[in-house]
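Colleague: structure, please.
(one chain, ligands or ions: 1)
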Amino acid sequence: MTCGAVIPAAGSGQRLGGRDKALLPLAGRPALAWVLGALARSAQIDEIVVVASEANAAAIESLCQVSELRIPVRVTLGGAERALSVRAGVECLSPSVQLVLIHDAARPLLTSELVRRAIAMAHRHGAVVAAVPVVDTIKQVSVDGRVVTTPDRSTLVAAQTPQVFRLDWLRETYRRVGASLATVTDEATLLERAGFPVYIFPGDPENIKLTTPLDVTIAEFLLARRRRE
Ligand code: C5P
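Modeller: Numbering: from 1, shown residues only. As a prediction, the model looks like this:
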(Lines give C-alpha, C1' and ligand atoms only; values in the text may rest on other atoms or scores of the structure.)
Protein backbone atom coordinates (compact mmCIF):
# COMPACT_ATOMS: atom_id res chain seq x y z
CA MET A 1 0.00 0.00 0.00
CA THR A 2 1.28 3.47 -0.87
CA CYS A 3 2.04 5.40 2.31
CA GLY A 4 2.28 9.16 2.80
CA ALA A 5 3.54 10.83 5.97
CA VAL A 6 2.05 14.03 7.36
CA ILE A 7 4.21 15.94 9.86
CA PRO A 8 2.36 18.65 11.79
CA ALA A 9 4.96 21.36 12.55
CA ALA A 10 2.75 24.46 12.74
CA GLY A 11 2.62 24.82 16.53
CA SER A 12 3.78 27.91 18.35
CA GLY A 13 5.59 26.14 21.22
CA GLN A 14 3.73 28.11 23.90
CA ARG A 15 4.69 25.73 26.71
CA LEU A 16 8.30 26.08 25.63
CA GLY A 17 8.40 29.86 26.00
CA GLY A 18 7.32 30.40 22.38
CA ARG A 19 10.34 28.52 20.97
CA ASP A 20 9.53 26.74 17.71
CA LYS A 21 9.80 23.02 18.50
CA ALA A 22 10.17 21.89 14.89
CA LEU A 23 13.20 24.11 14.38
CA LEU A 24 14.75 23.61 17.80
CA PRO A 25 18.40 22.56 17.38
CA LEU A 26 19.07 19.20 19.06
CA ALA A 27 22.48 17.54 18.93
CA GLY A 28 23.39 19.63 15.88
CA ARG A 29 20.16 19.33 13.85
CA PRO A 30 16.66 20.83 14.05
CA ALA A 31 14.04 18.49 15.57
CA LEU A 32 12.22 18.31 12.21
CA ALA A 33 15.41 17.19 10.44
CA TRP A 34 15.68 14.21 12.83
CA VAL A 35 12.08 13.26 11.99
CA LEU A 36 12.63 13.65 8.22
CA GLY A 37 15.79 11.54 8.46
CA ALA A 38 13.96 8.66 10.18
CA LEU A 39 11.15 8.78 7.59
CA ALA A 40 13.53 8.94 4.63
CA ARG A 41 15.32 5.82 5.94
CA SER A 42 11.98 3.99 6.07
CA ALA A 43 11.44 2.06 2.84
CA GLN A 44 7.68 2.02 3.49
CA ILE A 45 7.24 5.82 3.15
CA ASP A 46 6.60 7.12 -0.38
CA GLU A 47 6.05 10.84 0.23
CA ILE A 48 6.06 13.42 3.02
CA VAL A 49 3.95 16.53 3.67
CA VAL A 50 5.24 18.91 6.35
CA VAL A 51 2.63 21.31 7.76
CA ALA A 52 4.15 24.68 8.66
CA SER A 53 2.87 27.93 10.16
CA GLU A 54 3.03 31.36 8.53
CA ALA A 55 5.90 32.09 10.93
CA ASN A 56 8.11 29.08 10.19
CA ALA A 57 7.15 28.16 6.59
CA ALA A 58 10.18 29.79 4.95
CA ALA A 59 12.63 28.14 7.39
CA ILE A 60 10.94 24.77 6.96
CA GLU A 61 10.95 25.08 3.15
CA SER A 62 14.70 25.66 3.15
CA LEU A 63 15.32 22.87 5.66
CA CYS A 64 13.43 20.44 3.42
CA GLN A 65 15.41 21.57 0.36
CA VAL A 66 18.84 21.12 1.94
CA SER A 67 17.96 17.76 3.48
CA GLU A 68 18.26 15.96 0.09
CA LEU A 69 15.85 13.21 1.01
CA ARG A 70 15.19 10.20 -1.24
CA ILE A 71 11.43 10.90 -1.28
CA PRO A 72 9.39 13.96 -2.31
CA VAL A 73 8.67 16.43 0.50
CA ARG A 74 5.99 19.13 0.20
CA VAL A 75 5.32 21.96 2.63
CA THR A 76 1.84 23.36 3.25
CA LEU A 77 0.30 25.79 5.73
CA GLY A 78 -1.52 24.56 8.85
CA GLY A 79 -4.34 25.85 11.02
CA ALA A 80 -4.94 27.21 14.51
CA GLU A 81 -5.18 23.74 16.11
CA ARG A 82 -3.13 20.60 15.57
CA ALA A 83 -6.07 18.63 14.11
CA LEU A 84 -6.69 21.37 11.53
CA SER A 85 -3.02 21.34 10.58
CA VAL A 86 -3.08 17.57 10.10
CA ARG A 87 -6.20 17.80 7.94
CA ALA A 88 -4.52 20.45 5.78
CA GLY A 89 -1.56 18.08 5.34
CA VAL A 90 -3.81 15.14 4.48
CA GLU A 91 -5.46 17.23 1.76
CA CYS A 92 -2.03 17.63 0.10
CA LEU A 93 -1.29 13.91 -0.25
CA SER A 94 -1.15 12.39 -3.75
CA PRO A 95 -4.30 10.61 -4.95
CA SER A 96 -2.37 7.29 -5.00
CA VAL A 97 -1.82 7.32 -1.20
CA GLN A 98 -3.71 4.58 0.69
CA LEU A 99 -2.17 4.79 4.17
CA VAL A 100 -1.29 7.96 6.05
CA LEU A 101 1.29 8.07 8.82
CA ILE A 102 0.96 11.09 11.10
CA HIS A 103 3.92 12.06 13.28
CA ASP A 104 4.52 15.22 15.32
CA ALA A 105 7.58 17.28 14.40
CA ALA A 106 7.88 17.71 18.17
CA ARG A 107 8.84 14.00 18.56
CA PRO A 108 12.38 13.99 17.13
CA LEU A 109 13.28 10.55 18.53
CA LEU A 110 11.29 8.70 15.87
CA THR A 111 13.15 5.64 14.52
CA SER A 112 12.72 3.78 11.22
CA GLU A 113 12.04 0.66 13.31
CA LEU A 114 9.03 2.37 14.92
CA VAL A 115 7.82 3.46 11.45
CA ARG A 116 8.19 -0.12 10.17
CA ARG A 117 6.22 -1.46 13.15
CA ALA A 118 3.50 1.17 12.73
CA ILE A 119 2.93 0.42 9.06
CA ALA A 120 2.97 -3.37 9.55
CA MET A 121 0.27 -2.98 12.22
CA ALA A 122 -1.75 -0.62 10.00
CA HIS A 123 -1.80 -3.22 7.24
CA ARG A 124 -3.39 -5.58 9.75
CA HIS A 125 -5.85 -3.25 11.53
CA GLY A 126 -6.42 -0.16 9.36
CA ALA A 127 -6.09 2.33 12.25
CA VAL A 128 -3.24 2.14 14.76
CA VAL A 129 -1.57 4.31 17.37
CA ALA A 130 1.79 3.94 19.13
CA ALA A 131 1.29 3.66 22.88
CA VAL A 132 3.39 3.04 25.98
CA PRO A 133 2.33 1.86 29.44
CA VAL A 134 1.46 4.59 31.94
CA VAL A 135 3.93 4.62 34.84
CA ASP A 136 2.17 7.10 37.13
CA THR A 137 -1.18 6.54 38.79
CA ILE A 138 -3.63 8.73 36.85
CA LYS A 139 -6.36 10.66 38.66
CA GLN A 140 -9.35 12.36 37.13
CA VAL A 141 -9.93 15.62 39.02
CA SER A 142 -12.53 18.39 39.11
CA VAL A 143 -11.67 22.06 38.47
CA ASP A 144 -11.28 22.71 42.23
CA GLY A 145 -8.67 19.94 42.50
CA ARG A 146 -10.85 17.28 44.11
CA VAL A 147 -10.15 13.73 42.93
CA VAL A 148 -13.18 12.39 41.09
CA THR A 149 -11.89 8.93 40.24
CA THR A 150 -8.73 6.85 39.87
CA PRO A 151 -8.92 4.56 36.83
CA ASP A 152 -7.23 1.17 37.04
CA ARG A 153 -3.72 1.84 35.72
CA SER A 154 -3.47 -1.55 34.04
CA THR A 155 -6.15 -0.43 31.55
CA LEU A 156 -4.37 2.84 30.64
CA VAL A 157 -1.72 3.63 28.03
CA ALA A 158 -0.18 6.91 26.86
CA ALA A 159 -0.76 7.56 23.14
CA GLN A 160 2.13 8.81 21.00
CA THR A 161 2.66 9.39 17.32
CA PRO A 162 3.22 7.75 14.83
CA GLN A 163 -0.43 7.01 14.19
CA VAL A 164 -1.30 5.32 10.90
CA PHE A 165 -4.70 5.13 9.22
CA ARG A 166 -6.26 3.91 6.02
CA LEU A 167 -6.75 7.16 4.13
CA ASP A 168 -10.31 6.24 3.10
CA TRP A 169 -11.19 5.78 6.82
CA LEU A 170 -9.60 9.11 7.77
CA ARG A 171 -11.41 10.94 4.96
CA GLU A 172 -14.72 9.34 5.99
CA THR A 173 -13.97 10.39 9.59
CA TYR A 174 -13.43 14.01 8.53
CA ARG A 175 -16.82 13.93 6.78
CA ARG A 176 -18.55 12.50 9.88
CA VAL A 177 -16.99 14.57 12.69
CA GLY A 178 -17.42 17.99 11.09
CA ALA A 179 -16.50 21.00 13.21
CA SER A 180 -15.77 19.05 16.45
CA LEU A 181 -12.47 18.19 14.79
CA ALA A 182 -10.55 21.13 16.26
CA THR A 183 -10.90 20.06 19.90
CA VAL A 184 -9.12 16.71 19.71
CA THR A 185 -5.43 16.21 20.45
CA ASP A 186 -4.88 13.25 18.14
CA GLU A 187 -6.45 11.68 15.05
CA ALA A 188 -7.07 8.33 16.77
CA THR A 189 -9.73 10.10 18.89
CA LEU A 190 -11.52 11.18 15.71
CA LEU A 191 -11.58 7.69 14.25
CA GLU A 192 -12.82 6.28 17.58
CA ARG A 193 -15.66 8.83 17.56
CA ALA A 194 -16.52 7.96 13.99
CA GLY A 195 -16.84 4.31 15.05
CA PHE A 196 -13.73 2.82 13.43
CA PRO A 197 -11.79 0.21 15.45
CA VAL A 198 -8.45 1.69 16.54
CA TYR A 199 -5.65 -0.55 17.86
CA ILE A 200 -2.50 0.27 19.79
CA PHE A 201 0.95 -1.11 19.06
CA PRO A 202 4.09 -0.82 21.23
CA GLY A 203 5.50 2.70 21.01
CA ASP A 204 8.95 3.68 22.24
CA PRO A 205 9.51 5.20 25.70
CA GLU A 206 12.33 7.31 24.17
CA ASN A 207 9.89 8.77 21.60
CA ILE A 208 9.06 11.71 23.87
CA LYS A 209 7.28 14.90 22.80
CA LEU A 210 9.10 18.20 23.31
CA THR A 211 6.81 20.07 25.65
CA THR A 212 8.87 21.45 28.55
CA PRO A 213 12.54 22.47 28.90
CA LEU A 214 13.14 19.13 30.66
CA ASP A 215 12.02 17.26 27.52
CA VAL A 216 14.50 19.29 25.49
CA THR A 217 17.35 18.32 27.83
CA ILE A 218 16.41 14.64 27.63
CA ALA A 219 15.97 14.68 23.83
CA GLU A 220 19.32 16.44 23.36
CA PHE A 221 21.04 13.77 25.47
CA LEU A 222 19.38 10.85 23.66
CA LEU A 223 19.99 12.25 20.17
CA ALA A 224 23.66 13.03 20.95
CA ARG A 225 24.02 9.41 22.08
CA ARG A 226 22.40 8.17 18.83
CA ARG A 227 24.72 10.35 16.80
CA ARG A 228 27.76 8.73 18.47
CA GLU A 229 26.46 5.16 17.99
O1 C5P B 1 0.84 21.31 20.77
P2 C5P B 1 1.50 20.00 20.75
O3 C5P B 1 2.79 19.97 21.47
O4 C5P B 1 0.62 18.83 21.10
O5 C5P B 1 1.87 19.82 19.22
C6 C5P B 1 2.15 18.58 18.62
C7 C5P B 1 2.53 18.83 17.18
O8 C5P B 1 1.47 19.46 16.49
C9 C5P B 1 3.76 19.71 17.04
O10 C5P B 1 4.66 19.11 16.12
C11 C5P B 1 3.18 21.03 16.53
O12 C5P B 1 4.07 21.75 15.68
C13 C5P B 1 1.96 20.58 15.78
N14 C5P B 1 0.90 21.62 15.69
C15 C5P B 1 0.46 22.03 14.43
N16 C5P B 1 -0.52 23.00 14.34
C17 C5P B 1 -1.03 23.58 15.45
C18 C5P B 1 -0.59 23.16 16.73
C19 C5P B 1 0.37 22.17 16.82
O20 C5P B 1 0.93 21.52 13.42
N21 C5P B 1 -1.93 24.54 15.31
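Colleague: every contact and neighbour count from this point should use C-alpha atoms.
Modeller: OK.
Colleague: name the element Leu114 belongs to?
Modeller: helix 112-125 (DSSP states H and E).
Colleague: the next helix or strand along the chain from that helix pairs with which strands, parallel or anti?
Modeller: Tracing the chain past helix 112-125, the next element assigned as helix or strand by DSSP H and E is strand 127-133. According to DSSP bridges, strand 127-133 forms sheet pairs with strand 157-166 (antiparallel), strand 199-202 (parallel).
Colleague: what are the bridge partners for the residue lying closest to Ile71 once chain neighbours are set aside, then?
Modeller: Leaving aside its sequence neighbours, Ile71 sits nearest to Glu47 (Cα to Cα, 6 or more residues apart in numbering; 5.6 Å). Judged by DSSP bridges, the bridge partners of Glu47 are Gly4.
Colleague: swap in Pro8?
Modeller: Val51.
Colleague: now do the contacts for the residue lying closest to Thr149 once chain neighbours are set aside.
Modeller: In space, and not counting its chain neighbours, Thr149 is closest to Gln140: 5.3 Å by Cα to Cα, 6+ apart. Going by Cα atoms under 8 Å, 6 or more residues apart in numbering, Gln140 touches Val147, Val148, Thr149, Thr150, Pro151.
Colleague: and the ligand, which of those residues reach it?
Modeller: Near the ligand, judged by Cα under 6 Å from any ligand atom, there are no entries from the contacts of Gln140.
Colleague: out of the residues you listed, which end up buried?
Modeller: Neighbour counting over the contacts of Gln140 (16 or more other Cα atoms under 10 Å) leaves no buried ones.
Colleague: host element of Met71?
Modeller: I think there's a mix-up here, since residue 71 is Ile and not Met. With DSSP H and E as criterion, Ile71 is part of no helix or strand.
Colleague: which pLDDT value goes with it?
Modeller: Looking at Ile71, its pLDDT is 92.
Colleague: tell me the centre residue of this protein?
Modeller: His103 (2.3 Å; Cα atoms, centre = their mean).
Colleague: who touches stretch 92-107?
Modeller: With Cα under 8 Å, 6+ apart as the test, stretch 92-107 has contacts from 1-9, 21-22, 31-32, 35, 47, 49, 76, 86, 90, 119, 122, 161-168, 207-211.
Colleague: show me how far it is from its chain's centre.
Modeller: Centroid separation between stretch 92-107 and its chain, computed with Cα atoms, centre = their mean, to the nearest Å, is 10 Å.
Colleague: can you pull out the strands in this protein?
Modeller: Secondary structure of the chain (DSSP state E): strands at 3-8, 25-26, 29-30, 47-52, 73-77, 99-102, 127-133, 140-141, 147-149, 157-166, 199-202.
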